[in-house]
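Asker: okay, here's the prediction I keep looking at, along with the sequence it came from:
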Amino acid sequence: MNFKTELQERTDFAEAVIEKYLPEEHGFSGRMAEAVNYSMRAGGKRLRPVFMREAYQILGGEGEIIEPFMAALEMVHTHSLIHDDLPALDNDEFRRGKQTTHIVFGEAAAILAGDALLNYAYETAFSAFDMAKDEAELQRVAKALKVLAQKTGIKGMLGGQGVDVENDGKPLEKQLLDYIYENKTSALIEAALMVGGILAGATDIEKLEQIGSKIGIAFQIQDDILDVISSAEELGKPIGSDEKNNKTTYVTLEGIEKAGNEVQKLTDEAVGLLRELTDEKSFLEELFQSLCARRK
C-alpha cells in the first residue's frame, strides 16, 4: 500500500470518528449545532487526530479510548479557525474552499459557534472516562485531559493567538515569532502526540512534546511559504493574506530559501527523535516528511 492510500485511509477513519461525536441539530439550539457541524464538516487534512492515533498505536495503544480525544482535538482546532476567520481577526471569506462560518451564519452566530465548539470539545473528551476499563486507564484519561487543557489555553494555542493579535501589523523579532508559532500552531500538534502517548501508557511524553514542537513550527513556516508561492485554488483559501495584514513571517524575516531550509531542518530533527521511540520506519515519519514538501 502506498503512502497516499494509507493517508486517505487514516483520514477517512478520523472523519468517521469526528462525525460520530458531532452534536445533533434539533431543538432551540439546533441552529448553533448546524453552524458547528458546518464548520466541522468543511474538511481539511485532519492531521491532529491522525497524529494522535498514530502515536497511540506506535506506542502500543489499543482500543477506542483514543477516539473521543481525536474528535475533541479537531473541535478545538476548528473553533480556532472559526474565530481566526472573523472580521475582527483575519477577515477571511473562504476556508477549505468553502465560505467561512461568519459569512454563512453571520458574525454573532460564528462567535457563539466557536465558543460552543470549544466547550463541546471537552464534553466529548470527558466521555473517555466512561470507556476506561480500570484505574490505570482512568488516570491516563485524567492526565490526557490536563495536557489538552494546557495546550489549548493561555499557555498554549490561545496564548499564542493572543500575542499574534496584539502584535498584528507590527514588525516582530524572531524570538517573538517563535513564541507565536510554538503556541498558536505547535501546541495542538504537541497535544496530539502527547495524548496519544499518554493513553498508550508511554512514559517518554517529553520527547513527544519536542517532536510536536518541531513539526508544528515547520508546518507553520511551510504555511508562510505557501501563502506566497501557492494559489487560492490549491490552498482553498485566499493567498497573500500575510502581506495584506502586514504580518511578520519566516518568509519576511529570512526569505523563501532560508525558510524552506528551516522547514527541512526541523522536520529532520523531529524524525530523528521519532526514531528513538520506534525501531522501524513508521507511517508517522512518512507523514512528517510529506508535510515538509506539501503544496496545500
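Answerer: Nice, I can see it.
Asker: can you pull the contacts of the closest residue to Ile65 other than its chain neighbours?
Answerer: Leaving out its chain neighbours, the residue that sits closest to Ile65 by CB to CB, 6 or more residues apart in numbering is Met131, at 4.6 Å. Glycine gets a C-beta too; all of them are placed from N, C-alpha and C. In this structure, Met131 makes contact with Gly63, Glu64, Ile65, Pro68, Glu137, judged by CB atoms under 8 Å, 6 or more residues apart in numbering.
Asker: what is the burial count for the first one?
Answerer: Residues contacting Gly63 under the criterion other CB atoms under 10 Å number 13.
Asker: what do you get for the third one?
Answerer: A total of 22 residues lie near Ile65 under the criterion other CB under 10 Å.
Asker: and it, helix, strand or coil?
Answerer: For Ile65, the assignment made with DSSP: H, G, I helix; E, B strand; the rest coil gives coil.
Asker: I figured it hits Gly201, correct?
Answerer: No. If you go by CB atoms under 8 Å, Ile65 and Gly201 don't touch, sitting 11.1 Å apart.
Asker: what about Gly201, how many residues nearby?
Answerer: Using other CB under 10 Å as the criterion, Gly201 is surrounded by 14 other residues.
Asker: residues in contact with it?
Answerer: Counted by CB under 8 Å, 6+ apart, Gly201 has contacts Leu59, Gly60, Gly61, Ala136, Arg140.
Asker: at 10 Å what do you get?
Answerer: Going by CB atoms under 10 Å, 6 or more residues apart in numbering, Gly201 touches Tyr56, Leu59, Gly60, Gly61, Ala136, Glu137, Gln139, Arg140.
Asker: and those, which of them are in helices?
Answerer: Using DSSP state H to define helices, the subset of the contacts of Gly201 located there is Tyr56, Ala136, Glu137, Gln139, Arg140.
Asker: most surrounded residue in those?
Answerer: That'd be Tyr56 among the ones in helices among the contacts of Gly201, by other CB under 10 Å, with 27 neighbours.
Asker: and it, how close does it get to Arg140?
Answerer: Here the criterion is CB to CB, to the nearest Å. By it, Tyr56 lies 11 Å from Arg140.
Asker: where does pLDDT dip in the stretch 101-250 of the chain?
Answerer: Low-confidence segments of the stretch 101-250 of the chain (pLDDT under 70): 230-246.
Asker: where do the contact lists of Tyr56 and Arg140 overlap?
Answerer: Shared contacts of Tyr56 and Arg140, defined by CB under 10 Å, 6+ apart, are found at Ile65, Val195, Gly197, Ile198, Leu199, Ala200, Gly201, Ala202.
Asker: make TSV out of the residues you listed and add secondary structure and distance to Ala121.
Answerer: Below are the shared contacts of Tyr56 and Arg140 laid out as TSV (DSSP: H, G, I helix; E, B strand; the rest coil; distance: CB to CB, whole Å):
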residue	secondary structure	distance to Ala121
Ile65	coil	16
Val195	helix	12
Gly197	helix	20
Ile198	helix	17
Leu199	helix	16
Ala200	helix	21
Gly201	coil	24
Ala202	coil	23
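Asker: mind giving me the packing neighbours of the helix or strand containing Leu193?
Answerer: Taking DSSP states H and E as the criterion, the element that holds Leu193 is helix 187-200. Judged by 3 or more CB pairs under 10 Å, 6 or more residues apart in numbering; DSSP states H and E, helix 187-200 is in contact with helix 47-58, helix 67-84, helix 135-152, helix 157-166, helix 205-229, helix 256-275.
Asker: quick one: closest of these to Met32.
Answerer: helix 67-84 (11.9 Å; CB to CB).
Asker: any idea which helix or strand comes after the closest one?
Answerer: Counting by DSSP H and E, the next helix or strand C-terminal to helix 67-84 is strand 94-95.
Asker: what helices or strands is the next helix or strand after that following strand leaning on?
Answerer: Remark: after strand 94-95, the chain's next helix or strand is strand 98-99, criterion DSSP H and E. Applying 3+ CB pairs under 10 Å, 6+ apart, we find strand 98-99 packed against helix 30-40.
Asker: circling back to that earlier point, out of the contacts of Met131, which comes closest to Arg294?
Answerer: Among those, and counting by CB to CB, the member closest to Arg294 is Pro68, at 28.3 Å.
Asker: mind checking how far the closest residue to Tyr56 other than its chain neighbours is from Ala187?
Answerer: Take Tyr56 and drop its neighbours on the chain: the residue closest to it by CB to CB, 6+ apart is Gly196, 3.8 Å away. According to CB to CB, Gly196 and Ala187 sit 15 Å apart.
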